[in-house]
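> give me coordinates for this.
(2 chains)
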Amino acid sequence: MTIFLQTLADGIVLGGIYSLAAVGFSLIFGVMGVVNLTHGIFVLCGAYGALIVWQGLGIDPLLGIPLVMAVLFVVGYAYQRTLISWAVARSSLLATLLLTFGVALMLRNIMVLVFSPDIQSITPSYAFSFFRIGALTFDLVRISALGASLALLLLLALVLNRTGLGRVIRATAQQELGARLCGVNVQHVYGLTFGVSAAFAGAAGVIIGIVLPFSPPDEVPWTINAFVVVVLGGIGSPAGALLGGLLLGVASTMTSAFIGPAFPNVMTFLILVLMLLLRPHGILGNAFAGSR
Amino acid sequence: MIDRRLFMKGTMGAAAAMGVGATLGGGFARPALAQEKTVTIGGSIPLSGRAAETGLNVHNGYLTAIKYINEELGGVEIGGEKVKLELQMVDDASDPARATTLIQRQLDDGIDFYLGSFGSNIVLPTAAIVDRAGKPMVQTGGGSDKIFTQGYKYVFGFYPRATRQFLSTAAFFGSLEPKAKSFSVVSTNDAFSKTFAEGAKNDCTAQGLTLLKEYELPAQITDTSSVLSSIRATPPDILVCTTHDQNSLLIARQMIASGTNVNLLYQALGPQLASYREALGKYANGITGATYWEPGVDFKDKIFGDTKTFEEYYRRNFDRPLAYHTAGGAACIVTYVTAMQNAGGLDPAKVRDALADIDIMTMYGPVKFTADGDADPLVMGAKVFQIQGSEPVIVFPGEAAMGKASYPTKPWGERT
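Have a look, this model is predicted:
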């Protein structure tokens, strides 16, 4: 029973990280219909940003989250208003698949040049702390990561549902033409959506950087995980990302504990295939029109 | 560490300074080297991708020896002629498919001699290609049994095959006082890790240790919490991780951060890296690993003179910390040069025969291969080190030991 409860707790904690890492991907897919294969790079940018904040500025990486988010918001906005928007205007949405894949390859190699291919670690003083409740053990950093994930997802939900920015994003996602007729600058909204997405990916990257060692090739798993999470939970909403992430995290640790530690990836892709066959819009369905 | 200068200086800078051709890109055009006889040594190496950290260390070893030979010695005497060496290593991005394409291209371009990549998964397919072409390869990056049991005649490795690599480590476990009784093994789904784990299980069992559990993880892992829960429920005396650098660091970090204690943690790769020890800080003390070379142990060498000269020359020219993979890379070149000299020329088949017969001392230590091409385990076997005071200290075998092993190690929370 202890093993089951420990595995469940570990899965929920892992799922919280998956959720935050996926929500930006989900938002772009939901609002614009763009499968952003640069997403993992944004996550890694957050991790490297945290490294700079921690080593260069001496600031605790968790306190550096707002700074990292601000920088990545600007990068994301500029990325959409230039490359993505040009690609969509000159070709089609499909072209963004190739474009974002190519940009990811280039940025990965630029990261190697800038940061070296060496494995990096962020280990603030609390990085190795843990606590116990009964027979269950909790890694303090991962619990902090779960807390930060929930807080940021809640923040995003509030932004989307309670602010003017959220309203125009939702309006544009639901009916682009209608939004235009109401005077919404759709291109600007798309840019903002990309910016918000990159900012949240960066925040996830900060947390991932504290939890895991990382190097430039690690961007790939975070894009794949994000894809599975949104297919599982539903596209375009923080709630969908949260649900998908938690389910993926629990499925992953349960598979590892009770089927075999070699099989979490098998289970991940099995879930992906089954969801695409049985419920392609995810458990919560598509929040927005872009991905329909 | 974020150090762009270091990376640039350590790789491209050094390569450019030596006139090394096409080190990072494609393109194998030979630079015009005014009437000088030059022998080209090719190969691929991970300068990017998952294996790049150690790949860079191996590459720097190659660069150091080539630079020393060309710039300090003005070349080497082979078959009565003064010959300079040209290195054409290409970045395989830690990708076996890319590596095979690049090596085939080098073969098509007429390169006769090859150095190895890093990682058995890359060395294995590239070894098959060069062996089929009848061109020698000397490598310090792959130890999987499959590299040495397919009947290849032209492939020589600086490590004993994986199932033989654990002999000295198992003997170390057997020598521990108080006696260790049990062990568990964590491996990942890749050629080296799996075969190394097989060797570990056999050799530890032969030492009288009982195997409690074995865990095989995917090649790339992001979470080991469920494995660690199982280890906490049934803790072995010794936990053996036959994992690569990044996975080893992740496992160690999660063990510390979940209070998963064992009497001794052994990791095949990872603890040899300065970045690993830096990331874990005081918690690294007590972790053991294997090394094939340690700075400060002096050997005679026909190119560098001795190990000390090699170390000093490396540190003058490179910023990256000196690792045993770096020394192994340099020793590959020393071995190649000796074989070419013994063969009296640059005929690949004759150089291959000379490599098979080689029995020399280098700055890395003695070099001798078995009939299958892997390192002779008695001559080139691993030494066991334990991190003490944040530095690796050899603790086994006794004749090479620089300190005494601490066993059982303290729980994570009590380490200083």
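> hey, let's count contacts and neighbours off CA atoms from now on
Noted.
> now tell me what touches the strand or helix carrying B:L63 from outside.
Element membership for B:L63 (DSSP states H and E) is helix B:52-67. The contact list for helix B:52-67 (C-alpha atoms under 8 Å, 6 or more residues apart in numbering or on different chains) reads A:117-119, B:10-11, B:14-15, B:18, B:45-47, B:85-87, B:93-94, B:117-118, B:140-141, B:313-314, B:317-318, B:320, B:322-323, B:325-334.
> which ones among these are found in strands?
B:45, B:85-87 (DSSP state E).
> which of those residues count as buried?
B:45, B:85-87 (16 or more other C-alpha atoms under 10 Å in any protein chain shown).
> now for those residues: which two are most distant?
B:I45 and B:L85 (17.8 Å; C-alpha to C-alpha).
> which regions of chain B sit below the pLDDT cut-off?
By pLDDT under 70, the weakly predicted segments of chain B are B:1-35.
> which residue is nearest the centroid of it?
With distances taken as C-alpha atoms, centre = their mean, the residue of chain B nearest its centroid is B:H325 (4.3 Å).
> count of neighbours near the nearest residue to A:S121 once chain neighbours are set aside?
Among residues not flanking A:S121 along the chain, A:P213 sits closest, at 4.8 Å (C-alpha to C-alpha, 6 or more residues apart in numbering or on different chains). Burial of A:P213 is recorded as 23 neighbouring residues (other C-alpha atoms under 10 Å in any protein chain shown).
> flag every residue of the stretch 51-200 of chain A that's near chain B.
Residues of the stretch 51-200 of chain A found near chain B (C-alpha under 8 Å from any C-alpha of the partner chain) are A:109, A:112-123, A:127-130, A:137-140.
> show the buried residues in the residues you listed.
A:109, A:112-113, A:115-123, A:127-130, A:137-140.
> could you check how far the closest residue to A:V228 other than its chain neighbours is from chain B?
Spatial nearest neighbour of A:V228, chain neighbours left out: A:L272 (5.8 Å); criterion: C-alpha to C-alpha, 6+ apart. Relative to chain B, A:L272 is positioned 18 Å away (criterion: C-alpha to the nearest C-alpha, to the nearest Å).
> count the residues that sit near B:R132.
By other C-alpha under 10 Å, neighbour count at B:R132 equals 11.
> can you give me the strands in the stretch 51-200 of chain A?
A:130-133, A:136-139 (DSSP state E, counting those that start in this stretch).
> which one of those strands lies closest to B:G199?
That would be, of the strands of the stretch 51-200 of chain A and by C-alpha to C-alpha, strand A:136-139, which comes in at 32.7 Å.
> so where is chain A shaky, pLDDT-wise?
Ranges of chain A meeting pLDDT under 70: A:286-292.
> quick one: the closest residue to chain A within the stretch 1-150 of chain B from B:H244, how far?
The nearest approach of the stretch 1-150 of chain B to chain A comes at B:E53, 4.6 Å away (C-alpha to the nearest C-alpha). According to C-alpha to C-alpha, to the nearest Å, B:E53 and B:H244 sit 11 Å apart.
> how about the residues of the stretch 201-350 of chain B by chain A?
So the stretch 201-350 of chain B meets chain A at B:215-218, B:222-223, B:225-227, B:229-230, B:246, B:249-250, B:253-254, B:256-259, B:275, B:279-280 (C-alpha under 8 Å from any C-alpha).
> just those residues: which are in helices?
B:225-227, B:229-230, B:246, B:249-250, B:253-254, B:256-257, B:275, B:279-280 (DSSP state H).
> so the residue lying closest to B:L176 once chain neighbours are set aside is in which element?
Computed as C-alpha to C-alpha, 6+ apart, the closest residue to B:L176 that is not its neighbour in sequence is B:Y407, at 7.1 Å. Here B:Y407 sits in a region with no helix or strand, counting by DSSP H and E.
> equivalent analysis for B:P392, please.
strand B:391-396.
> helices and strands around that strand, which ones?
helix B:167-175, strand B:383-388 (3 or more C-alpha pairs under 8 Å, 6 or more residues apart in numbering or on different chains; DSSP states H and E).
> contacts only, for residue 36.
Reading this off chain A. So A:N36 contacts A:25, A:28-29, A:96-97, A:100 (C-alpha under 8 Å, 6+ apart).
> meant chain B, my bad for not saying
B:E36 neighbours (C-alpha under 8 Å, 6+ apart): B:83-84.
> look at it and give its secondary structure.
Following DSSP: H, G, I helix; E, B strand; the rest coil, the label given to B:E36 is coil.
> break down the stretch 1-150 of chain A into its helices, ranges please.
Using DSSP state H, counting those that start in this stretch, the helices found in the stretch 1-150 of chain A span residues A:2-32, A:39-51, A:65-79, A:85-90, A:93-115, A:140-162.
> what is the burial count for B:N70?
16.
> which residue comes closest to it once chain neighbours are left out?
B:N70 sits nearest to B:K84 (C-alpha to C-alpha, 6+ apart), 5.8 Å away.
> the stretch 201-350 of chain B: helices as residue ranges?
Going by DSSP H, counting those that start in this stretch, the stretch 201-350 of chain B shows helices at B:225-233, B:245-257, B:274-280, B:307-317, B:324-343, B:348-357.
> take those helices and lay them out in JSON lines including distance to A:Q175.
Shown next, in JSON lines, are the helices of the stretch 201-350 of chain B (distance: least, C-alpha to C-alpha, whole Å):
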{"stretch": "helix B:225-233", "distance to A:Q175": "44"}
{"stretch": "helix B:245-257", "distance to A:Q175": "45"}
{"stretch": "helix B:274-280", "distance to A:Q175": "50"}
{"stretch": "helix B:307-317", "distance to A:Q175": "62"}
{"stretch": "helix B:324-343", "distance to A:Q175": "59"}
{"stretch": "helix B:348-357", "distance to A:Q175": "70"}
